[in-house]
Each structure stands twice: as structure tokens, then as C-alpha cells.
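1. What follows is a predicted structure for the sequence shown.
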Amino acid sequence: MSTELERNQQEIGVEVTEDELEALIGDRALRRDDHLNAPGFVIRPDDVQDVLFDLRDEAGFDHLSCLTAQQYEDRYESIYHMKKYADPTQEVSIVVPTSVDNPVSQSAEPVFRTADWHEREAFDLVGIDYEGHPDPRRILLPETWQGHPLSKDYDQEQPQVVTLAEHANPIQPDHHDEESDTMFLNIGPHHPATHGVLHVKTVLDGETVVDIDPDIGYLHRCEEQMCQQGTYRHQIMPYPDRWDYVSAGLLNEWAYARTAEDLADIEVPEYAQIIRTMGAELCRIASHFLALGTFCLDVYGDFNAVFQYSFRDREVVQDILEDLTGQRLMFNYFRLGGVAWDLPEPRDEFIEKTRDFLDELPAKISEYNDLVTGNEIFQVRCNNTGVLDPDLAKSYGCTGPVARASGIDYDLRRDDPYGYYENLEWDVITRQGCDNYARVLCRMEEVEESAKIIEQCLDLLEDWPEDDREIQANVPRTLKPDPDTEIYRAVEGAKGELGIYIRSDGTDKPARFKIRSPCFHNLSSLGEISEGDFIPDLIASLGSLDIVLGEVDR
Amino acid sequence: MSSDKPRQEIYDSTAPSTDTREARMGAGPDDRFNSKLREAFGASPFILTKFDQFMNWVRGNSMFMLQFGIACCSIEMIHTYAIKHDLDRFGAGVPRASPRQADVMIVPGTIVSKFGPRMKRVYDQMPEPKFVVGMGSCTISGGPFQEGYNVVKGAEEIIPVDIHVPGCPPRPEALIYGVAKLQERIRNGETSPVVVKPYELEQFGDLPKDELIQKLADDIDEEDLVMRYNWADSP
């Protein structure tokens, strides 16, 4: 794989102009179909690999951020949203239309490994077939499902039959394969070590993991359909809270807010952006604490001290967030064009409370370092397990702390700035370890960086003139973006790049709402990082990827 | 004891007056407690109750929860177990990872079609008597996802639920209240009526042979357990 990804390093990061792109794609572009965020080129279904290889190797677009599939009246369409890890503001969309009668398109899997899961999802929900795909199965819905729910002619009332056979009891029949003497083991879907309802079909040779197949979809609760049924202005915002539900609500809401604001051209007041930035970083801290606590749960065993400590600290963050937003977990605090309300009164008390938390944080972090990362046994347990090679990470579309712990310097807060981040002093944490230990350390250090950001936001909020505290821009009551506008925007969520694609059709509801989930990509690399390791390391690797099934399955 | 006079034993000895059977067999106002049982037990303390009541009291005060998380509510459920809220104070905070050791299942989240059969199986694996606390709106009706093509409209479509805790998600305090209510019901020996005919796990061969079943006949073995969702009949 690494040889396949070898490319001219100098070219990465060099700005590719639209003319150069046009020249590169050349005759293969049937026409242009520009999106608000990127130039778009329409190509033939059998040119997909060709074009993507050229874009990756010649122009440096090494990040297949998202694949959106959708059905129009007269055609199906797959959109490959491509970016560069070195500079995510350079984007290009490759649009591949296919006919309604025979929706077959070439698979992009040989170019980007991440296309594997993406195309399975597109087949599952929309019904496009990808020719040459190595594993054309459904991914989110059960194998026996009838129809493709996001296609136009789907009947939601039809009965469905779901089997229990795919969760075969591993002990009952003899799973020992006579030739190679391996054993099949189901992990999950209701086991606590899977962080939710993930089902990992594992083949073991002794204690070594030979092959795994993550089986997802046990929490596929139709988030995209829900968002397509809601109106832009108010009805969609509650749902992002429920994608990554580990207190990362505000980070997710920001993904929707950013996309919809760019789509409808809404300017957010500076004051509201500072509140957003502060709230989002508090969420990141809460989320990383949970990641640490549950990781220790996976590594150390049952409800232990570290777990209880991290939940103690999460409670403090949740209290602050509750003061700010009125809810502990599902905040629903952002509005298009701003936030729901100003800091709670009395302001001083809120600011002081938050400062107290920040003041105590360094002591807590050093406590964690004593307990966890400085612990020799922990180090032995986590060093050099679950190694994720940077090139592989890119090919799988990994982002967030998972990518940064593999030395990929990629953080949308800095590289594709939004909110108030570019005016603040903070650093992007990267580590070169590539292993479970590096991922844990990376998250802990990010907590410190988030604390720095909150500190600066508090200073700004405290001194902000009282007559200039504008929390909401003027947004029309019914939001109807121009018909046929398409946009893909991403923010840095707690787990990585959380992107949203919206196509508007001139009504007050999106015609297509696609969520690019960082956990989905991070999880897809699990097989790569845990095969060959021992089975306890598989559990540790799963914990260090820090997935949330609500976001994987959506 | 209404007598003004100090009791004799206070003068006689400082030893506890309950240390012999004879001492317990008091005379005068105390003899109302004398009984055959007292004669039999002597100095050992005892209480009288009905066995059923005793069992209910024990069940209510020592509940082993099934440790499994589904969705958002599981985060608040973990907070309920963890410090600050500490469900263990109420005799209900020992999560067991295996359904065979658990007697209460908190259903913390949205149930989708793929998870339904699995949850039914886990519920069936729990030993009797077993209780279910439905946590959050999704387990009541499907909650915010009710209109989804893949979402089961409430946990009661699959397993019987004793206590519904509303909220999206309920606060830890609300879950504790729900668990306390469940304990109260268990102590009083109350059961919940099953009001919905739930989806069952059936052998594929037993399903009525309609169009869908015939279509799937090649893919599914006759003996495989399946759950058939009739979405059109859902509330």
C-alpha cells in the first residue's frame, strides 16, 4: 500500500489552480458542476479510477473526504469530495452521474481504501452499484433488507425481515476451521468494550487476531433522512447533538451551522463566534475525558479509579455547559447566525466558575499522567500496539486525534479556519508514535490546548463592551437557499473532520443531507491496525480510536 | 415501660439483659413478646415477615444491572453509575456484562431493526425474574427518530418494559428516580401488564408465505431465527 501511495512530496501543498485542474482532467470532464466550496467536474462512470489516480498523484489531492450518493429524477449521482491533507481549503468535487435504469459506476477503492465503506454505504442507502468493488455488501442495514431507503421509490411501510443468523453463537457449532485451526469469535454488539453497539466478527489463531470484520449499523437511526425532513431554520439543529453524543454536541452543531450559514450566506457576529468557540472547546474537553476514561476501562478492567476520576471531571464540564446552554448533553444551543442566548447571568459567576475549572485542570492532568500515561505497565501495554502508518491513515481518510497521533499535521481549526480560532494562540498537537499510546497522549495534550483557547475566550468575553453583545445575526424566518446549490463543509469535531454536504432544491428543507462522520473513517482502519496483534490489543486499539457508534452509523 | 421504679436488673448487673433466653422471656409488660418462636430462638434477634415479601424486598434492594449501552442515553447512564450520582447507593449499581447474571436491563437508547433481534435474545438470556427500565424517549416511541425507516417505535415493540423514564436524554437524577420507582414496585410485588404484542423471534419457515418471504427464501435458511417488522402496523 505504501508504494502505491508514494508520490512527489513537493507537489503536495502547492496550490493547484482551476485551469491546471481543467487541464489535468482534460477531455474526461464532460462539463463543469461547481459547488459552493469547490470546482466540480462531471465525468463518465468508467473514468472514476483514472481521474482520481491523476488527482491524487499529479495534483496532490490525497484526501477523499467524503462520497455523497443521491438520486435525482433522471439520474443517480456519486460525488467524490476531495481535499489535501496539507491544505484542506483546496478542494475539488468529482461528480459521476449514472442512469436510473442501470446505476453502475466504477469503484474508487483501488485509489482510496476509504472508498470501500463509502461505496458500500452508497449502495446500501441509495442503490448505486460500484463495479469492481471488492466487497459489495450492505453496510448499515441488514443483508436481507428490501429496497434502498434514500432512493426515490422506497416504500417505508413495507415489511422487513431481519435475521439473527449473522450473530451466530461462536460456541455452539464448531467454528474451528479444520485446515488452519482458527477460531471465529463474535465481539459485540452489546458488549461494553465495543463502546456502544458495534459487532466485530473476529477470526483468531490462538490469541492472535487474523482477520476482523467490523459489522456496523446497530445504531443506524436514519439521521440523514431526519435532516432531510426538517427545515433549515430550527428543525435540523437538534439532530447533530445526537450524532456524536459524547458531549460533543456543540462541535457537531457547528458543523451544521457552518454548512448552512455558508449555504445561505449568513454572517455570524464576532461575539457569538467567541461563545461558540468557547463552548465547542469545553465539549472537546468533555469528550476527550470520556475517551480517556473508557480507554482505561478497556485496558485496566472494570470501573476503576481513572474511569471514576475522568467522570468526576466530566461532571464539572457538564455543569458549566449546562449553565451555558441549559442542557447536560443535548445542547441545541447554536442557531443559524449565532447562538440561542448570551452567557448566563450573573456573568461574573459563570466566568469565575469556568476559570476555576481551568485553574484546577493542570493539577488534574498531572494526576492523570501519574495514573495513566506515566504508568510503566500502561506504557508496556500500549506502546507499539495498534500501529497506524501515516500513509494508511491518509488512505483510510483518518482525521482528528487518530491522524494527528500518526504524525499527520491536520486540524481544520487551523487549516480551514472558522469561528474565532485564527485569532487565538494555540497549537496543533501531533505525535509520531502512531500507536495506542500516542493516541491517548495526543488527546490529553489537546485538552490542555483547548483549555488555552477557553482561557482566551473568557478574557475576551469578560471585557466585551456591554452594548455590543450581539448573539444573533438577522436570519429570515423561513430559510430558502437558491435551488440547486450544493455545498460541502467540515469542522474539526472531537473525533476528527465532521463534514456535511447539503443540496438545496429551493424549498425550506434540504434535498440531500449527507454526513461525513470521522468515526466512520477511523473505524474502517481497525482491521488494518489490529490484525496480527493479540486480542486484548484489539480491544485497546478499538478504545484508542475513540469511536461513537451514533456517529459511525448515523 | 411506664413504671417509675428503676428496673431491677440495673442494680443487679451491668451485663446486657438480652444475653440469655431467660432474660428475654420477660415478665410483666414485656411478656407480650413471648412466643413459641422466642422460646425457640432464644437470644437471637429475628423478624417476622412473609417469604414473598422478604424475597421482594431482597430483589428490590439488590439489583444487578445489565451493562450495555446503545446510544446517547448510555452516556447519562454511565454518569448515573459513576461518582456524584452513584446508583450503588440505592442498591442497584452493580453492572454485569453478562445477561445471565443480570436482573434489570436499562435500555439506554434507540432500537433499530438490526439491533431488535439481538436485544430480544439478550433479554431472553436473563434469568427470571427480570425487569426492564426504558430510558429516554426512543424507548418510549422512537423519540426524535420515530419517523425513521429503520427505527423500532419503542422498546415495548420487542420486550416488556416496567418503567419508562422520559427525556432526551433523561438526567441521571431522572434515571435514579426511575430505578427507585422500579424498586418500589418490586418491593410491593407489582408487575406491569404487557400491552403491546411484541415482535417475536421466529423460525423463518414458520412465517406466512407472502411475497416478501418467497423473495427471501433463497437467502435465508428455514430454521434461521428472524424478526419480521410490519412497519405499516407500527404506531
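-> Sure thing, it's come through.
2. residue contacts, the one residue in chain A that gets nearest to chain B?
-> Using Cβ to the nearest Cβ, the single residue of chain A nearest to chain B is residue A:222, 3.2 Å away. Glycine gets a C-beta too; all of them are placed from N, C-alpha and C. Residues counted as contacts of residue A:222 (Cβ atoms under 8 Å, 6 or more residues apart in numbering or on different chains) are A:149, B:145, B:147, B:148, B:149, B:150, B:151.
3. For the nearest residue to the first one once chain neighbours are set aside, grab phi and psi.
-> Nearest in space to residue A:149, with sequence neighbours left out and distances taken as Cβ to Cβ, 6 or more residues apart in numbering or on different chains, is residue B:149 at 4.5 Å. The phi and psi values for residue B:149, taken as degrees, to the nearest 10, are phi -70, psi -20.
4. tell me the pLDDT at residue B:149?
-> On pLDDT, residue B:149 comes in at 88.
5. Look at it and say how many residues are nearby.
-> For residue B:149, the tally of surrounding residues (other Cβ atoms under 10 Å in any protein chain shown) stands at 24.
6. I figured it was touching residue A:223, is that so?
-> No - with contact defined as Cβ atoms under 8 Å, residue B:149 does not count as touching residue A:223 (11.7 Å).
7. what helix or strand is the residue in chain B positioned nearest to chain A on?
-> Here the residue of chain B nearest chain A is residue B:148; by Cβ to the nearest Cβ that distance is 3.2 Å. Under the criterion DSSP states H and E, no helix or strand holds residue B:148.
8. Just give the nearest non-adjacent residue to it, would you?
-> residue A:222 (3.2 Å).
9. Please tell me how far the one you found sits from residue A:458.
-> 39 Å (Cβ to Cβ, to the nearest Å).
10. Please verify my assumption that residue B:56 contacts residue B:184.
-> No - assessed by Cβ under 8 Å, residue B:56 is found out of contact with residue B:184, at 10.4 Å.
11. Same drill for these two, tell me which one is more crowded.
-> Taking other Cβ under 10 Å, residue B:56 and residue B:184 do not tie; residue B:56 has more neighbours (19 against 12).
12. Flag every buried residue along the helix or strand hosting the more buried one.
-> Using DSSP H and E, residue B:56 sits in helix B:51-61. Residues B:56, B:57, B:59, B:60 are the ones in helix B:51-61 that count as buried (16 or more other Cβ atoms under 10 Å in any protein chain shown).
13. quick one: pLDDT of the third one?
-> Yep, that's residue B:59 we're talking about. If you check residue B:59, the pLDDT there is 85.
14. Please give me every residue in contact with it.
-> Contacts of residue B:59 (Cβ under 8 Å, 6+ apart): B:103, B:129, B:186, B:187.
15. Point out where the chain drops to low pLDDT.
-> Assuming you mean chain A. A:1-14, A:165-180, A:192-193, A:301-303 (pLDDT under 70).
16. The intended chain is chain B.
-> In chain B, residues with pLDDT under 70: B:1-35, B:42, B:193-196, B:235.
17. repeat that for 50
-> B:1 (pLDDT under 50).
18. show me where it has helices.
-> Counting by DSSP state H, one finds helices in chain B at the ranges B:8-12, B:21-24, B:36-41, B:51-61, B:72-81, B:116-125, B:138-141, B:172-187, B:211-216.
19. Of all those helices, which one comes closest to residue A:399?
-> helix B:72-81 (22.4 Å; Cβ to Cβ).
20. For that closest one, which helices and strands make contact with it?
-> helix A:305-325, strand B:131-135, helix B:172-187 (3 or more Cβ pairs under 8 Å, 6 or more residues apart in numbering or on different chains; DSSP states H and E).
21. and those as CSV, adding distance to residue B:67?
-> As requested, the helices and strands packed on helix B:72-81 are exported to CSV (distance: least, Cβ to Cβ, whole Å):
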stretch, distance to residue B:67
helix A:305-325, 13
strand B:131-135, 13
helix B:172-187, 14
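22. Out of the buried residues of helix B:51-61, which is nearest to residue A:257?
-> Nearest to residue A:257 among the buried residues of helix B:51-61, with distances taken as Cβ to Cβ, is residue B:60, at 46.7 Å.
23. Contacts only, for the closest one.
-> Residue B:60 neighbours (Cβ under 8 Å, 6+ apart): B:91, B:182, B:183, B:184, B:186, B:187.
24. Count the neighbours of the second one for me.
-> So the one you mean is residue B:182. Neighbour tally, residue B:182, other Cβ under 10 Å: 23.
25. For it, give me its contacts.
-> Taking Cβ under 8 Å, 6+ apart, we find residue B:182 in contact with B:60, B:63, B:104, B:131, B:133, B:162, B:163.
26. Please spell out the ChimeraX selection for the buried subset of the residues you listed.
-> Per 16+ other Cβ under 10 Å, the buried members of the contacts of residue B:182 correspond to this ChimeraX selection:
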select /B:60,63,104,131,133,162,163
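27. Residue A:94: neighbour count?
-> 27.
28. what's across from it in the sheet?
-> On the basis of DSSP bridges, residue A:94 is bridged to residue A:41, residue A:80.
29. show me the contacts for it.
-> A:40, A:41, A:43, A:48, A:51, A:52, A:55, A:79, A:80, A:82.
30. got the contact list for residue A:251?
-> Applying Cβ under 8 Å, 6+ apart to residue A:251 gives the contacts A:244, A:280, A:283, A:284, A:287, A:491, A:492, A:493, A:494, A:498.
31. nope, residue A:344 is what I was after
-> Taking Cβ under 8 Å, 6+ apart as the test, what residue A:344 contacts is A:323, A:324, A:350.
32. Out of those, grab the one that's most surrounded.
-> Neighbour counts for the contacts of residue A:344 peak at residue A:324, which has 23 neighbours (criterion: other Cβ under 10 Å).
33. and the longest helix seen in chain A, how far from the chain's centre?
-> Secondary structure of chain A per DSSP H: the longest helix is helix A:270-300. Relative to its chain's centre, helix A:270-300 lies at 15 Å (Cα atoms, centre = their mean, to the nearest Å).
34. Contacts (any at all) between chain B and that helix?
-> Yes - using Cβ under 8 Å from any Cβ of the partner chain, helix A:270-300 comes into contact with chain B via residue A:290.
35. Using a markdown table, lay out the helices of chain B together with distance to residue A:314.
-> Listed next are the helices of chain B as a markdown table, based on distance: least, Cβ to Cβ, whole Å:
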| stretch | distance to residue A:314 |
| --- | --- |
| helix B:8-12 | 58 |
| helix B:21-24 | 54 |
| helix B:36-41 | 51 |
| helix B:51-61 | 29 |
| helix B:72-81 | 8 |
| helix B:116-125 | 27 |
| helix B:138-141 | 22 |
| helix B:172-187 | 12 |
| helix B:211-216 | 45 |
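36. and of these, who's closest to residue A:215?
-> helix B:116-125 (11.0 Å).
37. CA atoms only: put stretch B:141-148 into PDB for me.
-> What follows is stretch B:141-148, C-alpha atoms only, in PDB (Å, rounded to 0.1, in the frame of the first residue of the first chain):
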ATOM      1  CA  SER B 141     -41.900   5.800  21.000                       C
ATOM      2  CA  GLY B 142     -38.800   6.100  18.900                       C
ATOM      3  CA  GLY B 143     -38.300   9.600  20.100                       C
ATOM      4  CA  PRO B 144     -36.900  12.100  17.700                       C
ATOM      5  CA  PHE B 145     -36.200   9.300  15.200                       C
ATOM      6  CA  GLN B 146     -39.700   7.900  15.200                       C
ATOM      7  CA  GLU B 147     -40.200   8.700  11.500                       C
ATOM      8  CA  GLY B 148     -37.000   6.800  10.500                       C
END
